[in-house]
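A.B. asks: Give me a model of this one.
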Amino acid sequence: MTTEALNIHEAAAGTDQPLLRTASQDLRGYLFSKAGRLLLLAITSSSVLSVLLIFYFVSREALPFFADYSIRDFLTSTAWYPQHQDQQFGALAIIMGSVYVTVAALLIAVPIGILGAVFLSDITSFRIRGFVKPVIELLAAIPSVAYGFFAILVLAPFLQDKFGFDTGANALNASFILSIMALPTIISVCEDSLSAVGRELREASYGLGATRFETIFKVIIPAGHSGIIAGIVLGMMRAIGETMVVWMASGNATQIPSPWWDLSQSIRTMTATIAGDMGETARGSMHYRSLFAVGVLLLIMTFILNLFSEYFLTRAKKQLGKSR
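C.D. replies: Below is the predicted model of the structure:
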């Protein structure tokens, strides 16, 4: 009995821990466990705290502007003259500028992105897929200023010479570059969603006599629609939050194109307005506050888009769990 009592203090097989710990060892282990949990909680919470602090800082700087200037005029007027003696801060034109380049970029990127995802998930071989997908994702690693230089030095003269536009720095130029920048996100998320559909649906469709085209467009894409929508929303967030490219390629004209479908005209976006004007404004001035008001509006838009993407990504993950 005494031998057994001594043995319980010996190390357990394959470990350096005794089978029975003393009270001090047990307390020390408990404290280390709690300290580790608190450390991980602090690290995890830091990102949430950072977002909340950003919201607080931007909102704090913007609130004095809304106290002195009408929110209705800010959202509905196109007169953006912050440096005139009679200052006006109508942000509708720059809001529409962001909408123009984002929607036009998605019109280009979404069909290409979905078809690229279909090619990677259902048509090409695993060897080619293993080579092509990393190359596509490398597009996201290219600095945005490099895209901007390409837009202003290569694409702008091409549009002006070949299509007779008055200027190559216009909404179409910025939209085309933004579509390229959004493609890696759209293709990657959509391809993951389509691959998660599983072989069972594909084999069932082929077993019922459907062609590959019918299987892809009538079975696989509808089944993976949650992930596809999430990829589109994430691509939209990539486009609407881009600064450098639209600043260099859009022409920075505070106007709504007339007619509305004419993308050959120059526009200005919210992000380009903030980046272009922030360094030239006096701290605490109305112009300074108005830029933070634009930032608040941009934060709200991206926050709503992020909620949509999280919703559809959650649905896609549930679908992936069921397929497994």
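A.B. asks: Distance from whatever helix or strand Ser24 lives in to the middle of the chain?
C.D. replies: Secondary-structure assignment from DSSP states H and E places Ser24 in helix 23-68. On the basis of CA atoms, centre = their mean, to the nearest Å, the separation between the geometric centre of helix 23-68 and that of its chain is 23 Å.
A.B. asks: ditto for stretch 134-144
C.D. replies: 14 Å.
A.B. asks: how about Asn170, phi and psi?
C.D. replies: phi -150, psi -180 (degrees, to the nearest 10).
A.B. asks: separation between it and Thr124?
C.D. replies: Here the criterion is CB to CB, to the nearest Å. By it, Asn170 lies 36 Å from Thr124. Quick note: C-beta positions are derived from backbone N, CA and C, even for glycine.
A.B. asks: swap in Glu203?
C.D. replies: Applying CB to CB, one obtains 19 Å for the distance of Glu203 from Thr124.
A.B. asks: out of the two, which sits in the more crowded spot?
C.D. replies: Neighbour tally, Glu203 and Thr124, criterion other CB atoms under 10 Å: the higher count belongs to Thr124, 15 against 11.
A.B. asks: pLDDT averaged over stretch 172-183, what's the number?
C.D. replies: Taken as a whole, stretch 172-183 has a mean pLDDT of 93.
A.B. asks: Return the per-residue confidence for Trp2.
C.D. replies: Small correction: residue 2 is Thr, not Trp. Model confidence at Thr2, expressed as pLDDT, equals 50.
A.B. asks: Also Ser309?
C.D. replies: Among the per-residue scores, Ser309 holds a pLDDT of 77.
A.B. asks: Kindly report the same for Arg324.
C.D. replies: For Arg324, the model assigns a pLDDT of 54.
A.B. asks: what about the closest residue to Leu106 other than its chain neighbours, which SS state?
C.D. replies: On the basis of CB to CB, 6 or more residues apart in numbering, the spatially nearest residue to Leu106 that is not a chain neighbour turns out to be Met236, at 6.0 Å. Secondary structure for Met236, judged by DSSP: H, G, I helix; E, B strand; the rest coil, is helix.
A.B. asks: go on, the one 10 residues further on?
C.D. replies: The local conformation at Val246, judged by three-state DSSP, is helix.
A.B. asks: number of nearby residues for it?
C.D. replies: Val246: 34 surrounding residues under other CB under 10 Å.
A.B. asks: For Tyr147, see how far away it is.
C.D. replies: Per CB to CB, Val246 is found 10 Å from Tyr147.
A.B. asks: Identify the residues contacting the residue lying closest to Arg129 once chain neighbours are set aside.
C.D. replies: Counting by CB to CB, 6+ apart, the nearest residue to Arg129 once its immediate chain neighbours are dropped is Leu120, at 5.0 Å. Neighbour list for Leu120: 129, 132-133, 187, 191 [criterion: CB atoms under 8 Å, 6 or more residues apart in numbering].
A.B. asks: Try it again at 6 Å.
C.D. replies: Applying CB atoms under 6 Å, 6 or more residues apart in numbering to Leu120 gives the contacts 129, 133, 191.
A.B. asks: Show me where the stretch 1-150 of the chain dips below the pLDDT cut-off.
C.D. replies: Applying pLDDT under 70 to the stretch 1-150 of the chain picks out residues 1-21.
A.B. asks: can we see that at 50?
C.D. replies: Segments of the stretch 1-150 of the chain classed as low confidence (criterion: pLDDT under 50) are 1, 3-6, 8-9, 13.
A.B. asks: which one is Ile177 nearest to, not counting chain neighbours?
C.D. replies: Closest residue to Ile177 in three dimensions, ignoring its sequence neighbours and counting by CB to CB, 6+ apart: Ala151, at 4.7 Å.
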